[in-house]
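Novice: No sequence on hand, only this structure:
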């Protein structure tokens, strides 16, 4: 199938502040890098950026970037930005897509990613990648103010009006249709892919950089790794409580003497404030020494630590992408995860799934993956088998996303010409 090139209008402000929306920033960078590696004839991009921050899009030097519209820093308005941004984006989107056909584009679309706002009545077909369902699944945590509730209702309506909504798994598609009342024919599954660094280590190869990092972090023995977010979507309180239960239950008799008990956990990417809060809570509960912290790591170092871990752990109450699980399994590392969102589809036999907010069940799963070599061998073998299969790449994600662009943009162009 030959995919025509379109004018893509895209809000890339998350790339300017990756710490505020790390998953959205990762998604945008991975997708744009894949587009950049294989540009299409006639395809062009118009980026919407914050006026007060540096432009990170100059690194995509093969893309035809026809314009960069600078927007005021509406994030400073906090929850009110959810109401203001859709109207602000309307004018920016219309101007960016004007006369796209003169540049050889077959049509134009607006692509919104993550929790970013969507334009109101811009006339452009909207393709929205839904990376997060937490505000709809747990409104008590994310829409407490009047402005936040109004902004969320507006976003829900704009998503219902979108030409296409992309989600990462069939289960998330069902959840999105239920929670947002999306039309089934406009909801499309486009699974994400692991980054290139997340793969098994080649036979006979030694990862010295990871060895040095482990020594620096004091991880000379067995450990588990957590590389999720540190917000209300996560179930870290349940994780800490599970560690307390394991410590109180006593050391398994079959566990070798040189293996630490209770399990040691590496927490990756916590901000100084997150780390301080976790350390205080863990210290009060008597498990402070079981936690090790690493600040932001390069993808290569993170992948190396995930490969070296006994398992990756993902305690969460909402996860619409399962990307951390996808990347762990791509390394051949099994997963202990909450049975929510995209995770059951993605983990399967390559891990252990437990219900969220149930520390007793999580403790049982952690004990099994840490101390029962037979259980660990079974899920690790499944993870390695999955890792050895032909892997999905961001080039696949880019191709399928371009297909959705074409379906939306060319249909709109045909309607207008008719």
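Specialist: Arrived safely, thanks for sending. Treat the numbers as computed from the prediction; the structure is a model and nothing was measured.
Novice: okay, now residue 276: neighbour count?
Specialist: 11 (other Cβ atoms under 10 Å). C-betas here are computed from N, CA, C, even on glycine.
Novice: pretty sure residue 285 is touching residue 244, no?
Specialist: Yes - between residue 285 and residue 244 there is a contact under Cβ atoms under 8 Å: 5.0 Å.
Novice: Pick out whichever of these two has more residues nearby.
Specialist: residue 244 (17 against 14).
Novice: Contact partners for that one?
Specialist: Applying Cβ atoms under 8 Å, 6 or more residues apart in numbering to residue 244 gives the contacts 285-287, 359.
Novice: which two of those residues lie the greatest distance from each other?
Specialist: Farthest pair in those (Cβ to Cβ) is 286 and 359. Separation: 14.9 Å.
Novice: Contact partners for residue 25?
Specialist: 14-15, 17-18.
Novice: which ones among those residues are found in helices?
Specialist: 14-15 (DSSP state H).
Novice: For residue 68, state which of the contacts of residue 25 is nearest.
Specialist: Distance to residue 68 across these (Cβ to Cβ) is lowest for residue 15, with 12.0 Å.
Novice: about what we covered before: can you lay out the contacts of residue 25 as JSON lines showing distance to residue 222 and pLDDT?
Specialist: Shown next, in JSON lines, are the contacts of residue 25 (distance: Cβ to Cβ, whole Å; pLDDT from 0 to 100):
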{"residue": "14", "distance to residue 222": "36", "pLDDT": "93"}
{"residue": "15", "distance to residue 222": "37", "pLDDT": "96"}
{"residue": "17", "distance to residue 222": "36", "pLDDT": "91"}
{"residue": "18", "distance to residue 222": "31", "pLDDT": "91"}
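Novice: now, among the contacts of residue 25, which is nearest to residue 395?
Specialist: Nearest to residue 395 out of the contacts of residue 25 is residue 15 (Cβ to Cβ; 19.7 Å).
Novice: Can you give me the distance of residue 234 to residue 7?
Specialist: Remark: distance between residue 234 and residue 7 (Cβ to Cβ, to the nearest Å) = 38 Å.
Novice: Which of these two has more residues huddled nearby?
Specialist: residue 7 (29 against 21).
Novice: so how far is residue 125 from that one?
Specialist: To residue 125, residue 7 is 11 Å away according to Cβ to Cβ.
Novice: Point me to the helix or strand that includes residue 165.
Specialist: Residue 165 is located in strand 164-167, with elements delineated by DSSP states H and E.
Novice: who's more crowded, residue 286 and residue 359?
Specialist: More crowded of residue 286 and residue 359, by other Cβ under 10 Å: residue 359, with 21 against 12.
Novice: Surely the more buried one and residue 236 touch.
Specialist: No - contact criterion Cβ under 8 Å: residue 359 and residue 236 do not qualify, at 11.2 Å.
Novice: Find residues that contact each of these two.
Specialist: Here residue 359 and residue 236 share no contacting residue, scored by Cβ under 8 Å, 6+ apart.
Novice: shaky segments in the stretch 101-250 of the chain?
Specialist: Along the stretch 101-250 of the chain, segments meeting pLDDT under 70 span 101-105, 121, 147.
Novice: in it, which spans are strands?
Specialist: Along the stretch 101-250 of the chain, counting by DSSP state E, counting those that start in this stretch, strands occupy 108-113, 126-129, 164-167, 187-189, 224-226.
Novice: Quick check: which of those is buried the most?
Specialist: Most buried of the strands of the stretch 101-250 of the chain, by mean neighbour count (mean count of other Cβ atoms under 10 Å): strand 108-113, with a mean of 27.
Novice: in the stretch 51-200 of the chain, which spans are helices?
Specialist: Along the stretch 51-200 of the chain, counting by DSSP state H, counting those that start in this stretch, helices occupy 81-97, 134-137, 139-142, 146-161, 170-180.
Novice: what's in contact with the third one?
Specialist: Residues outside helix 139-142 that contact it (Cβ under 8 Å, 6+ apart) are 134-135, 148-149, 152, 232.
Novice: what packs against the helix ranked longest in the chain?
Specialist: Looking across the chain with DSSP H, the single longest helix is helix 394-417. Helix 394-417 sits against helix 22-37, strand 108-113, strand 126-129, strand 164-167, with contacts defined as 3 or more Cβ pairs under 8 Å, 6 or more residues apart in numbering; DSSP states H and E.
Novice: quick one on the thing from earlier: from the contacts of helix 139-142, pick the one nearest residue 52.
Specialist: Nearest to residue 52 among the contacts of helix 139-142, counting by Cβ to Cβ, is residue 148 at 23.5 Å.
Novice: From residue 292, how far off is residue 277?
Specialist: With Cβ to Cβ as the criterion, residue 277 and residue 292 are 16 Å apart.
Novice: Residue 230 now?
Specialist: Residue 230 is 15 Å from residue 292, by Cβ to Cβ.
Novice: cool, residue 358 as well?
Specialist: The spacing between residue 358 and residue 292, counted by Cβ to Cβ, is 25 Å.
Novice: Correct me if wrong: residue 286 contacts residue 247.
Specialist: Yes - counting by Cβ under 8 Å, residue 286 touches residue 247, with 6.8 Å between them.
Novice: Now render the contacts of residue 25 as CSV, adding neighbour count.
Specialist: Below are these laid out as CSV (neighbours: other Cβ atoms under 10 Å):
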residue, neighbour count
14, 23
15, 24
17, 16
18, 16
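Novice: of the contacts of residue 25, closest to residue 371?
Specialist: residue 18 (37.0 Å).
Novice: The stretch 301-418 of the chain: helices as residue ranges?
Specialist: Taking DSSP H, counting those that start in this stretch, the helices of the stretch 301-418 of the chain run over residues 323-330, 343-347, 359-371, 373-388, 394-417.
Novice: rewinding a little: now the strands of the stretch 101-250 of the chain in CSV, with distance to residue 177?
Specialist: Listed next are those as CSV, based on distance: least, Cβ to Cβ, whole Å:
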stretch, distance to residue 177
strand 108-113, 18
strand 126-129, 14
strand 164-167, 9
strand 187-189, 6
strand 224-226, 30
